[in-house]
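K.L.:
pasted the sequence and its predicted model underneath.
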Amino acid sequence: ILNVEQSPQSLHVQEGDSTNFTCSFPSSNFYALHWYRWETAKSPEALFVMTLNGDEKKKGRISATLNTKEGYSYLYIKGSQPEDSATYLCASYKLSFGAGTTVTVRA
Amino acid sequence: GAVVSQHPSRVICKSGTSVKIECRSLDFQATTMFWYRQFPKKSLMLMATSNEGSKATYEQGVEKDKFLINHASLTLSTLTVTSAHPEDSSFYICSARGIGEGAAEAFFGQGTRLTVV
């Protein structure tokens, strides 16, 4: 299993502010990295699948970058809104998840 | 996105009995299905990965005789918690992935809240 680690565990963001957080992983034998969003009382929802070094993917105000050489991926939320409040999970290609970063956006 | 249906959403059972949870992919063929357990205030812990027609691969520390996984078809996987005990009470959730292996996204079921009394 490719162990992934996420930081920080939680963060609070003021509405309108931008934020980012990290998923780190062993850089050897990289295949793919997944980002999911998990809102309370809902099922986890896929955001991005990152495969190539230097990848940058975007979905609305959320984007992600990938650095396979140094073993990290960043997830960015631009202009945070209350509906962005969720736990953001990253996972290895075998879908073993990290502990998640719980984002709370304050109005 | 694709739809994965998990049933039941909630179940209460007596200690010593077995409980079966179903995970179905409704509109795609799931070559791989994953079963997770969530401990209180924790993230999703991968229990096992199953490929259609073959035995499940269990993660370290997960008892295969306790948590029986069957993936008999490309649209159905089942998790049976055998001889359930109160410590098995938890939130169990499945996900399913089609072709594309590690670079394909997976779709999650709604989860099952198991309470063993």
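P.N.:
That came in fine, so what should we check first? Residues are numbered from 1 along each chain as shown, chains lettered A, B, ... in the order given.
K.L.:
could you list the low-pLDDT ranges of chain A?
P.N.:
The model of chain A has pLDDT under 70 over residues A:1-2.
K.L.:
and what of chain B?
P.N.:
B:1, B:100-102.
K.L.:
contact residues of chain B facing chain A?
P.N.:
B:1, B:4, B:34, B:36, B:42-44, B:46, B:49, B:59, B:93, B:95, B:97, B:101-111 (C-beta under 8 Å from any C-beta of the partner chain). C-beta here means a position set from N, CA and C on the backbone, and glycine is covered the same way.
K.L.:
the residues you listed, buried ones only, as a PyMOL selection?
P.N.:
Buried members of these, defined by 16 or more other C-beta atoms under 10 Å in any protein chain shown, are picked up in PyMOL with:
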select buried, chain B and resi 4+34+36+43+44+46+49+93+95+97+102+104+105+106+107+108+109+110+111
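K.L.:
next step: the residues of chain B next to chain A restricted to helices.
P.N.:
Judged by DSSP state H, the residues of chain B next to chain A include no members of helices.
K.L.:
which residue is the nearest non-sequential neighbour of the spatially most central residue of chain B?
P.N.:
Nearest to the geometric centre of chain B sits B:Trp35, at 3.4 Å (C-alpha atoms, centre = their mean). The shortest distance from B:Trp35 to any non-neighbouring residue, by C-beta to C-beta, 6 or more residues apart in numbering or on different chains, is to B:Met47 (4.6 Å).
K.L.:
would you list every one of the strands in chain B?
P.N.:
Using DSSP state E, the strands of chain B run over residues B:4-7, B:10-13, B:19-25, B:32-38, B:44-51, B:57-58, B:67-73, B:76-81, B:90-97, B:106-108, B:112-116.
K.L.:
to clarify, my last question referred to chain A.
P.N.:
A:5-7, A:10-14, A:19-24, A:33-38, A:45-50, A:56-59, A:62-67, A:72-77, A:86-92, A:101-106.
K.L.:
between the fifth one and strand A:72-77, how many degrees?
P.N.:
Looking back up the chat, that one is strand A:45-50. Calculated by axes from the mean of the first three to the mean of the last three C-alpha atoms, to 10 degrees, strand A:45-50 forms an angle of 140 degrees with strand A:72-77.
K.L.:
now swap in the second one and tell me
P.N.:
For the pair strand A:10-14 and strand A:72-77, the angle between their directions (the same axes, to 10 degrees) equals 30 degrees.
K.L.:
report how many residues lie close to B:Phe28.
P.N.:
Using other C-beta atoms under 10 Å in any protein chain shown, the number of residues around B:Phe28 comes to 17.
K.L.:
hang on, it packs against B:Ile99?
P.N.:
No - in this structure, B:Phe28 is not within contact of B:Ile99 by C-beta atoms under 8 Å, at 9.1 Å.
K.L.:
the nearest residue to B:Thr57 once chain neighbours are set aside and A:Lys69, how far apart?
P.N.:
Computed as C-beta to C-beta, 6+ apart, the closest residue to B:Thr57 that is not its neighbour in sequence is B:Thr49, at 4.9 Å. Remark: distance between B:Thr49 and A:Lys69 (C-beta to C-beta, to the nearest Å) = 28 Å.
K.L.:
no further queries at this time; thank you.
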